[in-house]
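>>> build me a model:
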Amino acid sequence: MRDSQFYEWGDPFDQRELKIPAAQTLAKAITTFQFTSLLETRCKDQREGLIVEFQVELPQSPPVPILPRERIAIVIDPNNNLAPQVYALRKDFPETPHRNLTPPNQPKALCLFEEYYQDIRPTLTPQRFLQRIGDWLSRAAIEELHLSDQPLEPLLLTPYRIIFDPNVFTEQEQRQTIVGYTLADNPLLLRTITLSDKIDVRKIRSPHLLLSIEAPPYHSRLISSLPLNLQLLRELFKQIGITLEDVIRSFITDMRVQKEYQQLKSARLVIILHLPKTRTEGGPVETLEWWAFLLDTTIEDLAVKIGVMGREGGMVGVLIGPMECKELDQVSIIPLKPIFALSKPLAQVLSGISEHNLNIAVIGAGALGSQAILNLARQGFGTWKIIDHDYLLPHNLARHALVGYHEGMNKAEAIAGEIRALLNDEAVATAFAADFVENGDSEELSNVVEKSDVVLDFSTSHAVSRALALKNSDANRISAFISPGGRYLVILAEGHERSVRLDDLEMQLAAAIAENQNLHDIYTINGKPVVYAGSCRDVSVQLAQDSVALHAAIASQFIKTNASSVEAKISLWERSETDFSVTHHCIPIYKVEVINRNAWTIRMSTYASDLMQSYRREHLPNETGGVLLGNVDNEHRIVYVATILPSPSDSEEWPTSYIRGIRGLRKNVEKFREVTHNDLVYVGEWHSHPVGYSNLPSADDYKAHQWLVEEMCVEGLPGVMAIQGDAVLPYFLIAP
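Numbers count the residues shown, from 1 in each chain. Alright, predicted model coming up:
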């Protein structure tokens with residue numbers, strides 16, 4: 001059946017000797033399919049081929065010369081995981097899109113599957129497979145294989161890759177030397193870096209020297225044949241308007257005067273082609289492609305072959321005279337597909353977010369912080385300043401974003417290094433190995449906070465959040481932590497207005513926990529403390545990585561959504577113990593009244609003052625009272641009043657006087673302290689005045705306050721008394 005107008009595949013054999021089950025089934029289908037005839041069966045390298053004649057459905061004058069009858073080879077591999085290969089055997093078969101790459105002077109391979117073969121194999125019957133081939137031929141004839149809304153065909157197809165930064169062209173213009181090193185051998189995978197004084201070329205595995213070339217706009221919808229050697233590559237570049245030998249000569253001539261040349265003359269050259277492509281001749285540039293070609297010879301040998309240098313008696317020197325190319329067909333070519341290194345803009349596109357140039361400061365790179373930070377960094381979100389004095393220890397690895405390689409490293413430095421490597425950007429993350437509580441007032445860390453758009457607090461430290469609240473800047477502060485038992489994620493966000501500070505939000509959260517019975521378990525610890533070292537202080541909690549990962553995802557999403565928000569928020573997410581579902585609790589925010597008295601600052605939420613007024617109205621015409629719950633910051637002389645307790649049942653109330661009782665009071669105060677993890681404690685007393693009286697203290701009030709001062713001084717705390725009258729806000733007595 002030899003015919004000079006067709007390529008031959010394999011050696012003929014009897015159809016009855018087919019051994020591959022898929023080939024047997026397909027042969028049977030061909031004989032019954034309406035538009036196919038089985039001409040012969042062939043074999044090659046354990047593969048079996050079916051030579052089939054297809055009757056092609058065509059219009060009267062197809063624009064592409066597909067014939068009414070086309071001879072096709074269907075090659076079946078013994079490995080059922082590999083898709084059958086389909087070849088057009090006619091030697092003058094036209095150039096079409098949607099073909100797989102084959103060497104020159106070989107049958108053209110039809111590309112039938114956009115999907116992975118493993119995905120469609122279960123539903124792909126022999127009849128459907130034959131129908132695909134027939135449809136491909138019919139659509140190729142009328143130029144409908146590649147629709148107008150599909151991307152343009154790539155110049156080349158190859159399994160080998162090189163990871164590079166698209167900015168390499170700018171870097172080359174700056175005369176920087178770009179080299180590649182081998183990440184994997186099979187399939188070949190290279191990675192590019194820019195040489196610097198910190199990099200020793202001698203320590204680079206299999207160095208490759210990089211040459212970038214930018215082509216003029218090129219119109220092609222076809223896949224070129226595979227360039228097997230430098231001569232074929234030269235011809236390919238000529239088609240797109242580039243004289244390759246001249247570019248290589250100029251590159252090597254310039255490279256020879258660089259200090260790295262002696263170390264790189266035994267390296268191989270990788271050419272990266274930047275190819276702007278148009279859909280129509282002379283049309284606008286629609287896509288930008290990058291392709292790479294590895295020349296399988298040394299730089300020095302390449303210099304000889306393109307006529308820059310000559311070799312005589314084992315010596316290599318510069319040639320004087322005209323430059324001539326020789327033996328280019330002996331230089332093998334390995335096409336590489338360039339893969340963009342991850343960058344901040346690319347990460348944003350991949351994540352579907354708009355560009356964010358937010359300056360973000362982070363305090364605390366522990367379990368939650370490290371994972372939330374890397375969640376956001378992987379999306380190209382923000383430029384990072386990471387502050388943490390702690391080091392990664394073995395027990396941290398159970399729920400930290402870092403891995404064993406980083407053990408013993410400072411957490412901030414390790415996370416910042418990961419972000420820089422991830423996004424290939426030295427400026428995207430900076431580390432500060434410092435304790436923010438001790439060094440937050442330093443010029444360096446103060447500048448970090450002041451110049452940030454957002455400050456994230458993952459420290460789980462009241463001291464840190466208090467220090468942040470007291471710093472003056474417009475940055476939005478967001479504090480997040482996971483409850484000890486792992487069930488709750490808590491996020492407090494000031495918003496850019498900063499009308500309610502972070503320390504106030506902590507107090508309002510505590511009040512909400514105290515008032516809501518369903519939140520009383522928020523600070524409950526699961527199991528016993530875990531000892532991870534020899535000291536009694538070397539203990540940690542039981543907290544699974546999957547819980548941390550879940551909460552970190554919520555935290556990073558919240559930060560993305562609320563980084564530029566102006567409003568304050570308190571949010572809790574509660575994880576179900578049974579099905580891992582999450583319930584969102586949104587805590588209302590109350591205005592904070594600030595009262596300065598006797599060198600102290602009282603910060604009282606309107607929630608507490610509203611309660612005080614409500615209890616007063618309920619007990620009129622009698623006076624009433626109770627106790628103030630909140631916290632005291634002696635260092636900064638701040639008293640926080642978050643909520644109040646009403647008058648105990650054994651109190652004595654009259655229209656002009658009040659004596660607070662004690663029944664159940666200690667128990668209630670202790671309960672609130674326990675469920676809020678010491679955030680709400682007794683801070684003072686309050687009582688009301690009858691209608692028609694001001695908030696100002698009476699003589700008896702001064703006497704009672706003096707007694708309170710003496711009692712509180714025993715613990716080194718101020719005596720605080722609030723008096724609620726007709727005015728909206730109570731009057732405060734505080735001393736010393």
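>>> how near is residue 620 to residue 689?
Residue 620 is 10 Å from residue 689, where distance means CB to CB, to the nearest Å. C-beta: built from backbone N, CA, C; applies to glycine.
>>> so those two - more neighbours on which side?
The residue with more neighbours, out of residue 620 and residue 689, is residue 689; 23 against 12, by other CB atoms under 10 Å.
>>> how about the more buried one, nearest residue that isn't a chain neighbour?
Excluding its sequence neighbours, the residue lying closest to residue 689 (CB to CB, 6 or more residues apart in numbering) is residue 725, at 4.0 Å.
>>> so that neighbour sits against residue 698, correct?
No - using CB atoms under 8 Å, residue 725 is not in contact with residue 698, being 10.7 Å away.
>>> those two: which is more packed in?
Taking neighbours as other CB under 10 Å, residue 725 and residue 698 compare with residue 725 leading, 19 against 14.
>>> list the contacts of residue 495.
If a contact means CB atoms under 8 Å, 6 or more residues apart in numbering, then residue 495 has 476, 562, 565, 566, 567, 568, 569 as its contacts.
>>> look up how far residue 90 lies from the fifth one.
If you measure residue 567 against residue 90 using CB to CB, the figure is 70 Å.
>>> the more surrounded of those two?
Between residue 567 and residue 90, counting by other CB under 10 Å, residue 90 is the more crowded of the two (20 against 13).
>>> from residue 69, how far out is that one?
10 Å.
>>> which neighbours do residue 620 and residue 689 share?
Residues touching both residue 620 and residue 689 (CB under 8 Å, 6+ apart): there are none.
>>> can you tell me the SS state at residue 640?
Secondary structure, DSSP: H, G, I helix; E, B strand; the rest coil: residue 640 is strand.
>>> residues touching it, list them.
Residue 640 touches 503, 504, 507, 603, 604, 630, 631, 632, 633, 683, counting by CB under 8 Å, 6+ apart.
>>> what's the strand or helix carrying the fourth one in contact with?
According to DSSP states H and E, residue 603 maps onto strand 600-605. Contacts of strand 600-605 with the rest of the structure, by CB under 8 Å, 6+ apart, involve 503-504, 507-508, 511, 590-596, 630, 636-643, 718, 720, 729-730, 732, 734.
>>> can you flag which of these belong to strands?
592-596, 630, 638-643, 720, 732, 734 (DSSP state E).
>>> now compare those and name the two farthest from each other.
596 and 643 (21.5 Å; CB to CB).
>>> so which of these two has more stuff around it?
Remark: of residue 596 and residue 643, residue 643 carries more neighbours, 24 against 11, as counted by other CB under 10 Å.
>>> buried residues, the top strand by length along the chain. List them.
The strand that spans the most residues within the chain, counting by DSSP E, is strand 285-298. Residues of strand 285-298 classed as buried: 289, 290, 291, 292, 293, 294, 295, 297, 298 (neighbour count, 16 or more other CB atoms under 10 Å).
>>> one more: stretch 507-518?
507, 508, 509, 510, 511, 512, 513, 514.
>>> looking at these, which is nearest residue 113?
Looking across these and measuring by CB to CB, the closest to residue 113 is residue 509, at 55.9 Å.
>>> circling back: the longest strand of the chain pairs with which strands, parallel or anti?
Here strand 285-298 has these sheet partners by DSSP bridges: strand 268-278 (antiparallel), strand 333-340 (antiparallel).
>>> make CSV out of those and add mean neighbour count, mean pLDDT and distance to residue 128.
Below are these laid out as CSV (neighbours: other CB atoms under 10 Å; pLDDT from 0 to 100; distance: least, CB to CB, whole Å):
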stretch, mean neighbour count, mean pLDDT, distance to residue 128
strand 268-278, 21, 87, 33
strand 333-340, 19, 87, 30
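>>> possible to save the ones you listed as TSV with distance to residue 177?
Conversion of the strands paired with strand 285-298 to TSV gives the following (distance: least, CB to CB, whole Å):
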stretch	distance to residue 177
strand 268-278	12
strand 333-340	18
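>>> for residue 421, which of these is the nearest?
Residue 421 lies closest to strand 333-340 among the strands paired with strand 285-298, at 15.2 Å (CB to CB).
>>> alpha carbons only: can I get whichever helix or strand comes after the closest one in CSV?
Using DSSP H and E, the helix or strand that follows strand 333-340 in sequence is helix 344-351. Output of helix 344-351 as CSV, limited to C-alpha atoms (Å, rounded to 0.1, in the frame of the first residue of the first chain):
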residue,chain,number,x,y,z
LYS,A,344,2.6,40.9,43.2
PRO,A,345,0.5,41.9,40.1
LEU,A,346,0.3,38.3,38.8
ALA,A,347,-0.8,37.1,42.3
GLN,A,348,-3.5,39.7,42.3
VAL,A,349,-4.8,38.6,38.9
LEU,A,350,-4.7,34.9,39.9
SER,A,351,-6.6,35.7,43.0
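>>> now helix 344-351: average pLDDT?
Across helix 344-351, pLDDT averages out at 92.
>>> what's it in contact with?
Under the criterion CB under 8 Å, 6+ apart, residues 340, 354, 355, 356, 377, 378, 379, 380, 381, 423, 425, 428 lie in contact with helix 344-351.
>>> list the contacts for residue 643?
For residue 643, the contacting residues are 511, 514, 515, 605, 607, 608, 611, 629, 630, 672, 680, by CB under 8 Å, 6+ apart.
>>> 10 Å instead?
By CB atoms under 10 Å, 6 or more residues apart in numbering, the residues touching residue 643 are 507-508, 510-512, 514-515, 604-605, 607-608, 611-612, 627-630, 672, 676, 680.
>>> ditto for residue 416
Shown in contact with residue 416 (CB under 10 Å, 6+ apart): 362, 365, 373, 377, 384-386, 388, 410, 428-433.
>>> can you give me the buried ones in the host helix or strand of it?
Using DSSP H and E, residue 416 falls within helix 411-423. For helix 411-423, burial by neighbour count (16+ other CB under 10 Å) applies to 411, 412, 413, 414, 415, 416, 417, 418, 419, 420, 422, 423.
>>> closest to residue 192 among the buried residues of stretch 507-518?
Nearest to residue 192 among the buried residues of stretch 507-518 is residue 509, at 49.4 Å by CB to CB.
>>> quick one: contacts of stretch 59-71?
Contacts with stretch 59-71, where a contact means CB under 10 Å, 6+ apart, come from 1, 3, 5-7, 35, 37, 39, 51-58, 87-90, 92-96, 107, 133-134, 136-145.
>>> what bits of this protein have low per-residue confidence?
Within the chain, the stretches with pLDDT under 70 are 1-3, 101, 146-157, 168-176, 196-203, 220-225, 314, 319-321, 534-537.
>>> break it into its domains for me.
11-141, 161-341, 352-587, 592-735 (automatic domain parsing).
>>> what about the last one, how long is it end to end?
Translated: domain 592-735. 22 Å (CA to CA, to the nearest Å).
>>> just give me how far that domain sits from the chain centre.
Domain 592-735 has its C-alpha centroid displaced from the chain centroid by 49 Å (CA atoms, centre = their mean, to the nearest Å).
>>> then the longest one?
In this view, domain 352-587 has its centroid 17 Å away from the chain centroid, taken as CA atoms, centre = their mean.
>>> end to end on it, go ahead and measure it.
This stretch, domain 352-587, spans 30 Å end to end (CA to CA).
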